[in-house]
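1. Provided below for reference: sequence and predicted model.
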Amino acid sequence: MIRVFSLFPVLYAAALSLLGFVRTAGADTTDAALRERSLTTLRHELATTEGWVRVHAAEALIEHGQSAGLDSLYAGELAAATPPYRIGVRRVLARVAPGPERATHLAAICAALHEPAGPDRVHAAETLAKLGAATPTDTPVIAAWLATADAPTAAYLRWLRVQLAPASQRAAEEAALAALLLSDLSAARLRAAYALARLSNLAPDTVALLRMRATLEPPDSPARAFVVAAAFAHLASASPDRAGLRTQLRSFLAQGTPGEQFEVAVILGRQSDRDDVPALAALLSATHPDARIGGANGLLHILR
């Protein structure tokens, strides 16, 4: 005869296992629903917005493997696009078009970079940096422009020079970009931080400068969210400063401008911390489409 008490440990273990399964299944269902809502948000913004906001939605979809139909959509838009937005259209097409067509779009962007008085020139520099598509043949043009460029424009040019630098010169070019964090112009600090957030393997001195700048950046500075986000992106996971920076970033999610919300959401999403899911999910109901796009993009990084 089997004693009831002897079965209790087995039944208890089975119950715990079932409970764990239900919780996991529930979490998976919630993740799937939130992922689908994020994709639906991006598709909605693609269909209902225009201009640069629409480009942001398209790029987020591309980033998460949802590029179907974007080549034909933006190819049709290119003919009517005016400067500098046409660079944004080509930026999307350079990411989704087949090889020969991609080369055509990149050549057009490079041509805009090489045109000293061109209306697309600054956007071309930014786009080539974002795509990582500048070539050594662009180096003399970048150097000549850098000699006369203002500090905000120099941030894009310095970003390009870091990407183009041989290994022996990389540290010097990175230091020159990071030095713009000390500029008197908030636009230069913002762009330098944006660029540094997207570079990998930063030197310890650069990371230290980002941490310092995150402390010194005035509370009302347009650059603050971008500087804090860049510092957070490069801090080691064990850094004692990380929790404080995350708290600041979450405050920008709740109360920042749409541009700040967009940037912070993407940076937090790329860190893949599930604790950020509720704050990012709240952005899906934000008023501005850029905030919704940023929230969706960040969530899709975490829920992939």
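-> Noted; the coordinates are in hand.
2. and the gap between A117 and P83?
-> 12 Å (Cβ to Cβ, to the nearest Å). Any C-beta I mention is one placed from the backbone N, CA and C, and that applies to glycine too.
3. With neighbour numbers in mind, choose between those two.
-> The residue with more neighbours, out of A117 and P83 and counting by other Cβ atoms under 10 Å, is P83; that gives 12 against 5.
4. thinking the more buried one is in contact with V122, fair?
-> No: in terms of Cβ atoms under 8 Å, P83 does not count as a neighbour of V122; the distance is 10.7 Å.
5. The closest residue to V55 other than its chain neighbours sits in which helix or strand?
-> With Cβ to Cβ, 6 or more residues apart in numbering as the criterion, V55 has its nearest non-adjacent residue at 4.3 Å, and that residue is G88. Under the assignment given by DSSP states H and E, the secondary-structure element containing G88 is helix 85-96.
6. ok, now M212?
-> helix 204-216.
7. quick one: contacts of that helix?
-> Defining contact as Cβ atoms under 8 Å, 6 or more residues apart in numbering, one finds that helix 204-216 is touched by 174-175, 178, 181-182, 189, 193, 196, 202, 227-228, 230-231, 234-235, 241, 245.
8. are any of those residues buried, and which?
-> Those of those that meet the buried threshold are 174, 178, 181, 189, 193, 196, 202, 227-228, 230-231, 234-235, 245, by 16 or more other Cβ atoms under 10 Å.
9. Give me the subset of these that lies in helices.
-> Secondary structure assignment by DSSP state H places E174, A178, R189, A193, L196, V227, V228, A230, A231, H234, L245 of those in helices.
10. coming back round to it: avg pLDDT for the helix holding G88?
-> Helix 85-96 shows a mean pLDDT of 98 in the predicted model.
11. Can you pull the phi and psi angles for the residue nearest to E115 when sequence neighbours are not counted?
-> Closest residue in space to E115, ignoring its immediate chain neighbours: R121 at 6.1 Å, by Cβ to Cβ, 6+ apart. The phi and psi values for R121, taken as degrees, to the nearest 10, are phi -60, psi -50.
12. got a pLDDT number for R121?
-> Predicted confidence (pLDDT) for R121: 98.
13. thought it was touching L113?
-> Yes: here R121 reaches L113: they are 6.3 Å apart, a contact under Cβ under 8 Å.
14. who has more neighbours, the two?
-> In this comparison of R121 against L113, neighbours counted by other Cβ under 10 Å, the higher total goes to L113 at 25 against 21.
15. Would you check that that one makes contact with H123?
-> No: under the contact definition of Cβ under 8 Å, L113 does not touch H123, with a separation of 9.5 Å.
16. Now do the strands in the protein.
-> Secondary structure of the chain, counting by DSSP state E: no strands present.
17. which stretches of it aren't confidently modelled?
-> Low-confidence regions of the chain, defined by pLDDT under 70, span residues 1-29.
18. switch to 90 and redo it
-> 1-29, 98-99, 237-238, 304 (pLDDT under 90).
19. Mind telling me which residue is nearest the centre of it?
-> For the chain, the residue sitting closest to the mean C-alpha position, by Cα atoms, centre = their mean, is V266 at 4.7 Å.
20. Now do stretch 233-247: everything it contacts.
-> Outside stretch 233-247, the residues within contact range by Cβ under 8 Å, 6+ apart are 196-197, 202, 206-207, 210-211, 214, 228, 231-232, 267-268, 270-271, 273, 276.
21. repeat that with 6 Å
-> Contacting residues not belonging to stretch 233-247 are listed as A197, L202, V207, V228, F232, I267 [Cβ atoms under 6 Å, 6 or more residues apart in numbering].
22. Same check on stretch 263-274?
-> Applying Cβ under 6 Å, 6+ apart, the set of residues contacting stretch 263-274 from outside is 225-226, 229, 233, 249, 252-253, 276, 280, 283, 294-295, 297-298, 301-302.
23. Among those residues, list the two that are farthest apart in space.
-> Based on Cβ to Cβ, the longest span within the contacts of stretch 263-274 runs between F226 and I302 and measures 20.7 Å.
24. Which one's more surrounded, those two?
-> The neighbour comparison of F226 against I302 (other Cβ under 10 Å) goes to F226, with 28 against 21.
25. my read: N297 touches A60, true?
-> Yes: taking contacts as Cβ atoms under 6 Å, N297 lies within contact range of A60: 4.2 Å.
26. correct me, but G294 touches E260?
-> No: at 9.1 Å, G294 and E260 do not qualify as touching, with contact defined as Cβ under 6 Å.
27. Can you get me a residue count around the residue nearest to L249 when sequence neighbours are not counted?
-> Across the structure, with Cβ to Cβ, 6+ apart as the measure, the residue nearest L249 apart from its sequence neighbours is V264 (4.9 Å). Under the neighbour criterion other Cβ under 10 Å, V264 is assigned a count of 30.
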